[in-house]
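J.: Everything below, folded, please.
(one chain, ligands or ions: 2)
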Amino acid sequence: MAIYIAPSLLAADFANLQRDIEMINDSAAQWFHVDIMDGVFVPNISFGMPVVKAIAQYATKPLDVHLMITQPERYIKTFADLGAAHLTVHYEACPHLHRTLQEIKANGMKAGVAINPHTPIDLLKDIIKDIDIVLVMSVNPGFGGQSFIEHTFAKVTQLKKMIVDAKSTALIEIDGGVSDVNAKQLVAAGADALVAGSYIFKSSDPIKAVARLLSS
Ligand code: DX5
Ligand code: ZN
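T.: Ligands and ions are numbered 1, 2, ... in the order given. The predicted structure is shown next:
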């Protein structure tokens with residue numbers, strides 16, 4: 001089954017960002033995963049708009065932007081203007097999720113919803129047909145390099161069933177601790193896209209690491 005691989009630039013060498021972006025351009029990965037953290041929704045700050053602008057200048061593949069920020073609706077147009085192809089907001093950060101998703105789509109982007117490890121799949125039931133991508137967090141958001149939470153497999157299975165039953169077109173994307181150890185089982189459970197930071201960028205051969213995930 002065809003899956004999408006989204007290397008997370010959070011694990012790239014920021015002193016050589018252009019080099020690492022070009023390496024992913026040359027790899028078989030289909031998306032760039034761009035993690036935005038505000039130090040409020042999550043306990044870490046990553047990078048902001050000037051860096052996203054620099055990434056967009058060199059990336060030749062769609063930017064899959066993951067907003068780990070409060071009030072993400074304030075920045076929808078900004079990220080559209082920066083060239084984001086997908087804009088993912090957290091379920092836990094959006095009191096008016098339906099409106100936020102419509103605004104993301106009206107700005108020409110695919111609308112994603114991320115859920116933290118403690119958030120039950122069931123809460124997506126009434127919104128699943130409005131979502132383009134469900135980003136299942138398989139670690140607590142905020143940092144790269146954390147251990148994969150095993151309960152994710154059961155969540156993906158449950159989510160896949162919800163999507164099929166509702167005849168939704170939503171893709172399932174997994175983020176956090178993804179590697180060749182869990183990729184096959186994630187895809188078997190219904191994952192369509194895998195985000196990987198450390199596994200790709202800390203590998204001695206990132207291009208081969210992408211290819212290994214792609215063959216999952
Ligand atoms: C975590 C981020 C992830 C992170 C994944 O909050 O959303 O995208 O970069 O990194 P790894 O693959 O190292 O867990
Ligand atoms: Zn992410």
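
J.: just checking, residue 69 touches residue 44?
T.: No: applying C-beta atoms under 8 Å, one finds residue 69 not in contact with residue 44, separated by 11.4 Å. Heads up, the C-betas are built off the backbone N, CA and C, glycines and all.

J.: Helices of the chain, residue ranges please.
T.: Secondary structure of the chain by DSSP state H: the helices cover 17-26, 49-58, 76-82, 97-106, 152-166, 183-189, 198-201, 206-214.

J.: Out of the ones you listed, the one nearest ligand 1 is which?
T.: helix 198-201 (3.3 Å; C-beta to the nearest ligand atom).

J.: Around ligand 2, pick out the residues from the chain.
T.: 35, 66, 175 (C-beta under 5 Å from the ion).

J.: Among the helices of the chain, show me which one is buried the most.
T.: Highest mean neighbour count of these: helix 198-201, a mean of 24 (counted as mean count of other C-beta atoms under 10 Å).

J.: Check which helices and strands that one is in contact with.
T.: If you count contacts as 3 or more C-beta pairs under 8 Å, 6 or more residues apart in numbering; DSSP states H and E, helix 198-201 packs onto helix 206-214.

J.: can you tell me if the helix it packs on touches ligand 1.
T.: No: on the criterion C-beta under 6 Å from any ligand atom, helix 206-214 is out of touch with ligand 1, staying 10.6 Å away.

J.: thinking again about what came up before, which residues do residue 69 and residue 44 both contact?
T.: Taking C-beta atoms under 8 Å, 6 or more residues apart in numbering as the criterion, residue 69 and residue 44 both touch residue 37.
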